[in-house]
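# Below are the sequence and a predicted model for it; my questions follow.
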Amino acid sequence: MKKRINVEKEIDRLDPQKDCQRIAFLTSFLEFPWDMTRALELALFRTFAVPSIATLLDKTQQFSDETQRRYDDTAIIVNEILVNGYKSERGQNFIKRMNRIHGQYDISNEDFLYTLSTFVFVPIRWIDRFGWRKTYDNERLALFHFWRKVGLLMRIKDIPETYEAFEQFSLSYEDKMFANNEATQRVANPTRDLLLSFYLPKPLFTYAEPLVYALMDDKLLQAMGYPQPSSTIKALVEVLMRTRAKALRILPKNKSPKIDSFSQYRTYPDGYSVEEIGPKSMIEKWM
């Protein structure tokens, strides 16, 4: 019988900077695979709340015309980097691919910085709120160091050198930049509907939308132009998520990492290569 490693002891003895790849892998694929995915989905909406980012994404029309592909490409790149590590040849190939995709557009360094920060702090806040346990100190620091090093490989400048400074930048950027504009919901709504389609048939989307909004804070809801969910809906979501967390605490824990298989990416049911990742228009242009 396969024995589960003692994750707490391993993370505690690892160095959160030197061993950040191992810790990020354990957190993402052994301890909180479902939570990490949901948190990174929510992180998308925080980027949509920045007008400069929403406007750029709206111009590409990827979120209206290629919503599933855009979602799958993002998930694949993130998972490839987390699974293989940013030092591996495969991980670096996907980072280079991501840089090539981003290189087509005029993206400010601050928008890159803010987007990078959501990969660190949104998962931590989600897990601390809804996970079966709170994050460990070393986990939080490891996620910071992991994504900071990825950011350096993306050639992002002025990435803060400490967890606290990066979090303060992220919060301040939201206070300064969050606003609703015409592009915001045009990129957010197709993504919201795609996420709902993973669980429900389309006729039920309207009834389920308040459940999605209940996962968002007031600042994000206002910037997105989404309605405040009722106190009853908010309470229902809290009860459901906390009940799940309590159940997971007593159920047997994952013994093996839960890593997405090819079949889970609707765009690439038969698998993918690094060259296939990216907007269709980009692939056709370079073929």
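Received the coordinates, thanks.
# what residue is smack in the middle of this protein?
residue 40 (1.9 Å; CA atoms, centre = their mean).
# Show the contacting residues for that one.
Residues near residue 40 by CB atoms under 8 Å, 6 or more residues apart in numbering: 75, 78, 119, 122-123. All C-beta spots, glycine's among them, are computed from the backbone N, C-alpha and C.
# same check, this time on residue 108
Per CB under 8 Å, 6+ apart, neighbours of residue 108: residue 52.
# Show me what counts as buried in stretch 86-105.
For stretch 86-105, a neighbour-count test (16 or more other CB atoms under 10 Å) marks 86, 91, 93-95, 97-98 as buried.
# and those residues, which of them are in helices?
Members of these lying in helices (criterion: DSSP state H): 91, 93-95, 97-98.
# how about JSON lines for these, with distance to residue 150 and pLDDT added?
JSON lines is the format used below for these (distance: CB to CB, whole Å; pLDDT from 0 to 100):
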{"residue": "91", "distance to residue 150": "9", "pLDDT": "96"}
{"residue": "93", "distance to residue 150": "13", "pLDDT": "97"}
{"residue": "94", "distance to residue 150": "10", "pLDDT": "97"}
{"residue": "95", "distance to residue 150": "7", "pLDDT": "97"}
{"residue": "97", "distance to residue 150": "13", "pLDDT": "96"}
{"residue": "98", "distance to residue 150": "9", "pLDDT": "96"}
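# if we can go back for a sec, out of the contacts of residue 40, the closest to residue 219 would be?
residue 122 (13.1 Å; CB to CB).
# Find me whatever residue is spatially closest to residue 160, sequence neighbours aside.
residue 166 (4.1 Å; CB to CB, 6 or more residues apart in numbering).
# What is the burial count for that neighbour?
Counted with other CB atoms under 10 Å, the neighbours of residue 166 add up to 21.
# before we move on, what about residue 19?
Residue 19: 18 neighbours (other CB under 10 Å).
# Repeat that for residue 127.
Residues near residue 127, counting by other CB under 10 Å: 24.
# For it, I want the exact helix or strand it lies within.
Using DSSP states H and E, residue 127 maps to helix 109-130.
# so what secondary structure elements neighbour the helix or strand following that helix?
The helix or strand immediately downstream of helix 109-130 is helix 137-153, counting by DSSP H and E. In this structure, helix 137-153 makes packing contacts with helix 7-13, helix 20-25, helix 89-102, helix 109-130, helix 163-177, judged by 3 or more CB pairs under 8 Å, 6 or more residues apart in numbering; DSSP states H and E.
# Please repeat the previous calculation with a cut-off of 6 Å.
helix 20-25, helix 109-130 (3 or more CB pairs under 6 Å, 6 or more residues apart in numbering; DSSP states H and E).
# Could you give me the buried positions within the next helix or strand after the shortest one?
It refers to helix 20-25. For helix 20-25, the following helix or strand on the C-terminal side (DSSP H and E) is helix 33-48. Within helix 33-48, the residues that count as buried by 16+ other CB under 10 Å are 33, 35-48.
# now do stretch 64-77
66-67, 69-73, 75-77.
# Which ones among those residues lie within helices?
Short answer: those in helices (DSSP H) are 67, 69-73, 75-77.
# still on that earlier bit, with just CA atoms, put the helix holding residue 127 into PDB.
The C-alpha coordinates for helix 109-130 follow below in PDB (Å, rounded to 0.1, in the frame of the first residue of the first chain):
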ATOM      1  CA  ASN A 109       5.400  46.300 -16.600                       C
ATOM      2  CA  GLU A 110       3.000  47.300 -13.800                       C
ATOM      3  CA  ASP A 111       0.200  45.200 -15.400                       C
ATOM      4  CA  PHE A 112       2.600  42.300 -15.700                       C
ATOM      5  CA  LEU A 113       3.600  42.800 -12.000                       C
ATOM      6  CA  TYR A 114       0.000  42.900 -10.800                       C
ATOM      7  CA  THR A 115      -1.000  39.800 -12.800                       C
ATOM      8  CA  LEU A 116       2.000  38.000 -11.400                       C
ATOM      9  CA  SER A 117       1.000  39.000  -7.800                       C
ATOM     10  CA  THR A 118      -2.500  37.400  -8.300                       C
ATOM     11  CA  PHE A 119      -0.800  34.000  -8.800                       C
ATOM     12  CA  VAL A 120       0.800  34.400  -5.300                       C
ATOM     13  CA  PHE A 121      -1.900  36.000  -3.200                       C
ATOM     14  CA  VAL A 122      -5.200  34.900  -4.500                       C
ATOM     15  CA  PRO A 123      -4.500  31.100  -4.000                       C
ATOM     16  CA  ILE A 124      -3.200  31.800  -0.500                       C
ATOM     17  CA  ARG A 125      -6.300  33.800   0.500                       C
ATOM     18  CA  TRP A 126      -8.600  31.200  -1.000                       C
ATOM     19  CA  ILE A 127      -6.900  28.300   0.800                       C
ATOM     20  CA  ASP A 128      -6.800  30.200   4.100                       C
ATOM     21  CA  ARG A 129     -10.600  30.900   3.700                       C
ATOM     22  CA  PHE A 130     -11.800  27.600   2.200                       C
END
